[in-house]
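**Student:** the following comprises the amino acid sequence and a computationally predicted model.
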Amino acid sequence: MEPIFIILAIFIVAILYSSVGHGGASGYLAVMAFLAVAPEVTRPTALVLNLFVASIAAFQFYRAGYFSWSVFWPFAATSIPFAFIGGMIKLPTNAYKIVLGFVLLFASFRLAWKFASDNKEVGPPKIWMALIIGACIGLLSGLVGVGGGIFLTPVLLLMHWSETKTAAGVSALFILVNSASGLAGNYAQVSVLPANVWFWIAAAVAGGGVGSLLGAKKFDSITLRRVLSAVLLFASVKLIFV
């Protein structure tokens, strides 16, 4: 039953995360931790799954017209090299998982409180701020084994640098490039991917296709915010308690 459970869990995680432009790495990490998958396997596996799901989400949101290059590039410019550096570093997991969990918990509640912010004007971030934030997100993303969308999307929304669906589209491509960079920095562990990883990838691709289609074309902004808040809450609880 365990192989079936993990495939189903990855499918559901991919639907939920891709609907808000995320790859789902934190969810995959939580599922693997719950099933006691070896730590040296979880980070590269989550990044590989991220690559597939984020690719689908980026395409769907871009095709629907929800992407901004002017918002994307300053964050990505520094996050990509720092994600590579983070991927090369191996740290004990307990402390950073707890800190990360509380950060996501805070972001989840902040998003839940500010549903009406789509009615406010949005403007592009100052480049120097985006470069600094991108570097921090990239480094932490590489360390943890996520694409960074769980950090970038709340920042874009809470700082009013993007409306909700555009933030999802920007985050999807941001996750894609950071996952590739983090995986490159952690390339030595790619050889330890589980033998049945292709079944996991298939589940992630199927879920990513469904979720990104719903996020880009079916959900309105308020629904998207509520889904994102639930996603971050789920991720925070898993990181703190698993």
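**Tutor:** On my side now, so go ahead. Numbers count the residues shown, from 1 in each chain.

**Student:** all contacts plus neighbour counts: C-alpha atoms, from now on.
**Tutor:** Fine.

**Student:** how far off centre is the longest helix seen in the chain?
**Tutor:** If you go by DSSP state H, the chain has its longest helix at helix 39-63. Chain-centre distance of helix 39-63: 8 Å, with C-alpha atoms, centre = their mean, to the nearest Å.

**Student:** does anything pack onto the very next helix or strand once past that helix? Which helices or strands?
**Tutor:** Using DSSP states H and E, the next helix or strand after helix 39-63 towards the C-terminus is helix 69-88. For helix 69-88, the elements it packs on are helix 127-144, helix 164-185, judged by 3 or more C-alpha pairs under 8 Å, 6 or more residues apart in numbering; DSSP states H and E.

**Student:** what's the shortest one packed up against?
**Tutor:** What that stands for is helix 127-144. Looks like helix 127-144 contacts helix 69-88, helix 164-185 (3+ C-alpha pairs under 8 Å, 6+ apart).

**Student:** which helices and strands sit right next to the last one?
**Tutor:** Think helix 164-185. With contacts defined as 3+ C-alpha pairs under 8 Å, 6+ apart, helix 164-185 has these neighbours: helix 39-63, helix 69-88, helix 127-144, helix 149-158, helix 221-241.

**Student:** one more pass at 7 Å, please.
**Tutor:** Under the contact definition 3 or more C-alpha pairs under 7 Å, 6 or more residues apart in numbering; DSSP states H and E, helix 164-185 sits against helix 39-63, helix 69-88, helix 149-158.

**Student:** out of the ones you listed, the one nearest Phe102 is which?
**Tutor:** Phe102 lies closest, by C-alpha to C-alpha, to one member of the helices and strands packed on helix 164-185: helix 149-158, at 12.2 Å.

**Student:** so the closest one versus helix 221-241, what angle?
**Tutor:** Per axes from the mean of the first three to the mean of the last three C-alpha atoms, to 10 degrees, the angle that helix 149-158 makes with helix 221-241 is 140 degrees.

**Student:** show me what stretch 48-65 is in contact with.
**Tutor:** 14, 18, 21-25, 67, 169, 172-173, 175-176, 179-180, 201, 204-205, 208-209, 212-213, 216 (C-alpha atoms under 7 Å, 6 or more residues apart in numbering).

**Student:** next up, phi/psi of Gly23, please.
**Tutor:** Main-chain torsions, Gly23, degrees, to the nearest 10: phi -80, psi -30.

**Student:** still on that earlier bit, pull out the buried residues from the longest helix of the chain.
**Tutor:** 41-62 (16 or more other C-alpha atoms under 10 Å).

**Student:** could you list the low-confidence segments of this protein?
**Tutor:** Counting by pLDDT under 70, the low-confidence segments of the chain come to 1, 93, 110-120, 219-225, 228, 242.

**Student:** and the closest residue to Glu121 other than its chain neighbours, how many neighbours?
**Tutor:** Excluding its sequence neighbours, the residue lying closest to Glu121 (C-alpha to C-alpha, 6 or more residues apart in numbering) is His160, at 7.2 Å. Here the number of neighbours of His160 (other C-alpha atoms under 10 Å) works out to 19.
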